[in-house]
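*Asks:* Structural data only, the sequence is not supplied:
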């Protein structure tokens, strides 16, 4: 169904070439002719409709699977973890799919529009954040003419307006962070008033204790400060340095009292090339011609590559600065990997062995489908049964799967190259990344919606979104049923109030009077 060439033209077909030049000229090679642009556009829109309907079917099945806890039979901690492992989704996308699937169970109107491909997954994802069984019909009507971006803006504004008077909004705590393209950390946070005051007090105290505070950055009042004196957004590089200082002090205190201080240490991997250039006196200001020839930028084999453990890359100058005060430990890598062994006399691995295991396992649980970072080191062959405390006999497992292996009889087989194979108690293997089954039929067989090239296209003609009017209309529509119910309870007829009734004998006078009182409204008359 994905034909982008005219019938009779098969892209990628082979042409037989004779061994020796023949006297008879060969047939001309058919040139593929693409389909008209209008047909290609119609196929894209029609396929988008099929994807929307099939996604709705997928989420309905996922909601049923989640309600019946089918993921628990695979020893997964949640349905999102199972979805990430079994259906090859990222963790964030899996959690969002599970959230939407659970919300659709209580939203039949939105689910029906989604199943008919009149709403896309992007629109349904936004609607499920704000819709309730009582408001979903009105929200579905409003969402129809909007684009996906407009509906996202509408959903954000709707949540802000409807949550303005909610008491829980005053104590809601949130911290969101992301890694930018250059490796820097950016994010936002929301704290209750008291907790926010504590944070600012700690940051200002830490900023005052810095050895080299930046003058003139005590409050960070920006140039856009309103005339009232309350800054809209306060920014300060000094407070940013203070935040790092507070974090360093906390980690230093935890590491000093911990049995395993490396849990609270930030590990930076520095290639030998970076230290070599530092020892040779090569700095960031050294001309490029005088520096050692580096490898491909970002190549793990680059001898001067530096990066935070399981994190972004660092500059060579930053790594050289850390070398002046940080603790250094060497880890040699060869083709077979570093083999560390503590023999049988010691059961608990030492710091070097923990570092090696953390480097090999990338600080994550090795159970298939699990991405937890809070891990323990497990002896594959139990130490009490003769297992050695060596790198080949250790594996990182989270507490849940660590207990699972001990209590339920799951087996682990170590292979060369730091790979492991997991087996269920009945002997069946658990693949690290299960392959998706081959498709059976077409995508149209996954749903029963009637899809045309125009089904998924919203009735939008390029007009801008009037966000204030859209929010007002949505909230007014939500209040209308409540007002009508209140009128019925008071003995009034809501339908009669919307219609002006004139008796035949009083038509002329009543009509003139009504026109005088309501000169610009639409009138309805009933005998």
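*Replies:* Happy to help now that I have it. Every value quoted in this text rests on a predicted model; they were computed, and no experiment measured them.
*Asks:* mind showing which ranges of the stretch 51-200 of the chain have poor pLDDT?
*Replies:* 163-172, 192-194 (pLDDT under 70).
*Asks:* hey, where'd the strands end up in it?
*Replies:* Per DSSP state E, counting those that start in this stretch, the stretch 51-200 of the chain carries strands over the ranges 174-179, 185-190.
*Asks:* Those: which one's closest to residue 313?
*Replies:* Taking C-beta to C-beta, strand 174-179 is the member of the strands of the stretch 51-200 of the chain nearest to residue 313, at 10.9 Å. Glycine gets a C-beta too; all of them are placed from N, C-alpha and C.
*Asks:* That closest one packs against which elements?
*Replies:* Judged by 3 or more C-beta pairs under 8 Å, 6 or more residues apart in numbering; DSSP states H and E, the packing partners of strand 174-179 are strand 185-190.
*Asks:* residue boundaries of the helices in the stretch 251-400 of the chain?
*Replies:* For the stretch 251-400 of the chain, helices defined by DSSP state H, counting those that start in this stretch occupy the ranges 272-279, 316-325, 351-361, 399-408.
*Asks:* just the stretch 1-150 of the chain next, same as before
*Replies:* Under DSSP H, counting those that start in this stretch, the stretch 1-150 of the chain gives helices at 37-67, 79-86, 91-104, 108-115, 121-127, 136-143, 148-162.
*Asks:* Turn those helices into TSV, including mean neighbour count and distance to residue 205.
*Replies:* Output for those, formatted as TSV (neighbours: other C-beta atoms under 10 Å; distance: least, C-beta to C-beta, whole Å):
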stretch	mean neighbour count	distance to residue 205
helix 37-67	17	47
helix 79-86	22	40
helix 91-104	18	36
helix 108-115	20	50
helix 121-127	22	42
helix 136-143	20	47
helix 148-162	17	33
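*Asks:* out of these, which comes closest to residue 319?
*Replies:* So among these, helix 91-104 is nearest, using C-beta to C-beta, at 29.9 Å.
*Asks:* need the helix or strand of the chain with the lowest average pLDDT.
*Replies:* helix 494-497 (a mean of 54; mean pLDDT, DSSP states H and E).
*Asks:* returning to what we had before: how about the helices of the stretch 1-150 of the chain in CSV, adding distance to residue 390?
*Replies:* Shown next, in CSV, are the helices of the stretch 1-150 of the chain (distance: least, C-beta to C-beta, whole Å):
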stretch, distance to residue 390
helix 37-67, 41
helix 79-86, 29
helix 91-104, 32
helix 108-115, 54
helix 121-127, 48
helix 136-143, 59
helix 148-162, 52
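*Asks:* Would you mind saying which of those lies nearest residue 394?
*Replies:* helix 79-86 (22.9 Å).
*Asks:* That closest one - contacts with which helices or strands?
*Replies:* Under the contact rule (3+ C-beta pairs under 8 Å, 6+ apart), helix 79-86 is packed against helix 37-67, helix 91-104.
*Asks:* Turn those helices into JSON lines, columns for distance to residue 148.
*Replies:* Formatted as JSON lines, these follow (distance: least, C-beta to C-beta, whole Å):
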{"stretch": "helix 37-67", "distance to residue 148": "11"}
{"stretch": "helix 91-104", "distance to residue 148": "14"}
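*Asks:* Next, count neighbours for residue 176.
*Replies:* 9 (other C-beta atoms under 10 Å).
*Asks:* pLDDT weak spots in the stretch 401-527 of the chain?
*Replies:* Judged by pLDDT under 70, the stretches of the stretch 401-527 of the chain that qualify are 493-527.
*Asks:* ranges for the helices of it?
*Replies:* Under DSSP H, counting those that start in this stretch, the stretch 401-527 of the chain gives helices at 467-489, 494-497, 507-517.
*Asks:* Which of the helices of the stretch 1-150 of the chain sits closest to residue 456?
*Replies:* Using C-beta to C-beta, the helices of the stretch 1-150 of the chain put helix 37-67 closest to residue 456, at 4.1 Å.
*Asks:* now for the closest one, which elements pack on it?
*Replies:* helix 79-86, helix 91-104, helix 108-115, helix 121-127.
*Asks:* sorry, back to before: for residue 466, find the nearest of the helices of the stretch 1-150 of the chain.
*Replies:* helix 148-162 (10.1 Å).
*Asks:* Correct me if wrong: residue 116 contacts residue 452.
*Replies:* No: if you go by C-beta atoms under 8 Å, residue 116 and residue 452 don't touch, sitting 11.1 Å apart.
*Asks:* burial count for residue 313?
*Replies:* So residue 313, with other C-beta under 10 Å, has 15 neighbours.
*Asks:* and it, how far is that from residue 179?
*Replies:* Residue 313 sits 11 Å away from residue 179, going by C-beta to C-beta, to the nearest Å.
*Asks:* for residue 202, same thing?
*Replies:* Counting by C-beta to C-beta, the gap from residue 202 to residue 179 is 25 Å.
*Asks:* Compare those two (neighbour count), which wins?
*Replies:* Higher neighbour count among residue 202 and residue 179: residue 202, with 15 against 12, using other C-beta under 10 Å.
*Asks:* Can you name the residues that contact that one?
*Replies:* Shown in contact with residue 202 (C-beta atoms under 8 Å, 6 or more residues apart in numbering): 242, 246.
*Asks:* Report the angle between the helix or strand hosting it and strand 185-190.
*Replies:* If you go by DSSP states H and E, residue 202 is part of helix 193-209. Orientation check (axes from the mean of the first three to the mean of the last three C-alpha atoms, to 10 degrees): helix 193-209 against strand 185-190 gives 140 degrees.
*Asks:* Show me what counts as buried in helix 193-209.
*Replies:* For helix 193-209, the neighbour count (16 or more other C-beta atoms under 10 Å) marks 203-204, 206-207 as buried.
*Asks:* which residues are in contact with stretch 173-186?
*Replies:* 187-192, 195, 311-314.
*Asks:* Now do the buried residues in that stretch.
*Replies:* Of the residues in stretch 173-186, none is buried (16+ other C-beta under 10 Å).
*Asks:* Show the end-to-end separation of it, please.
*Replies:* 17 Å (C-alpha to C-alpha, to the nearest Å).
*Asks:* For residue 124, which non-adjacent residue is closest in space?
*Replies:* In space, residue 124 comes closest to residue 114 once its chain neighbours are excluded; the distance is 5.0 Å by C-beta to C-beta, 6 or more residues apart in numbering.
*Asks:* again, but for residue 84
*Replies:* residue 94 (4.2 Å).
*Asks:* same thing with residue 41?
*Replies:* residue 453 (7.9 Å).
*Asks:* what about the one you found, neighbour count?
*Replies:* 17.
*Asks:* hang on, the earlier thing: do you know which of the helices of the stretch 1-150 of the chain lies nearest residue 349?
*Replies:* Using C-beta to C-beta, the nearest of the helices of the stretch 1-150 of the chain to residue 349 is helix 79-86, at 27.1 Å.
*Asks:* could you give the angle of the closest one to helix 37-67?
*Replies:* Using the same axes, to 10 degrees: helix 79-86 against helix 37-67 is 130 degrees.
*Asks:* Now the terminal residues of stretch 78-93, how far apart.
*Replies:* End-to-end distance for stretch 78-93: 14 Å, by C-alpha to C-alpha.
*Asks:* Need the contact partners of it.
*Replies:* 62, 65-66, 70-71, 74, 76, 94-95, 97-98, 368-371, 433-434, 436.
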